[in-house]
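Asker: How does the following fold in three dimensions:
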Amino acid sequence: MSDYPIMTREEVRQSILEIAIPIDFDQLIEDGVLEKDGAWYRVLDFKRLPKHASMKIKTLQSGPKGTRVKFRPVTKATMKLAERLRG
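Answerer: Prediction:
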């Protein structure tokens, strides 16, 4: 038996809708949550990182510069699915 609970249909729907929310990088940088670092973003405040953004973290790296992340882009397929679920 798995230690992970099975997601309900509504939980799956909500997750897809959250993943479809684009990340407003400019606002997060302005708010002091992220800082651009080359192809990476340095996370300055994980507590204020929106859930939809944290769900898109593709790569996480911790080191002397702090925690840096790369994000997955929102795909067209995800956007189409989210539109159908909203519909």
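
Asker: most centrally placed residue in this structure?
Answerer: Nearest to the mean C-alpha position of the chain, by Cα atoms, centre = their mean, lies A53 at 2.3 Å.

Asker: Which of the helices or strands spans that one?
Answerer: A53 is part of helix 51-54 when elements are defined by DSSP states H and E.

Asker: what's the average pLDDT for that helix?
Answerer: The pLDDT scores in helix 51-54 average 95.

Asker: What's the first helix or strand after it?
Answerer: strand 57-63.

Asker: Strand partners (parallel or antiparallel) of that next one?
Answerer: Partners of strand 57-63 in the sheet, by DSSP bridges, are strand 66-71 (antiparallel).

Asker: And the strands in the chain, which stretches?
Answerer: 34-37, 40-43, 57-63, 66-71 (DSSP state E).

Asker: sorry, back to before: run through who's touching the helix holding A53.
Answerer: Helix 51-54 has contacts (Cβ atoms under 8 Å, 6 or more residues apart in numbering) with E18, I19, I21, I23, L28, F46, F71. In short, each C-beta sits where N, CA and C put it, glycine included.
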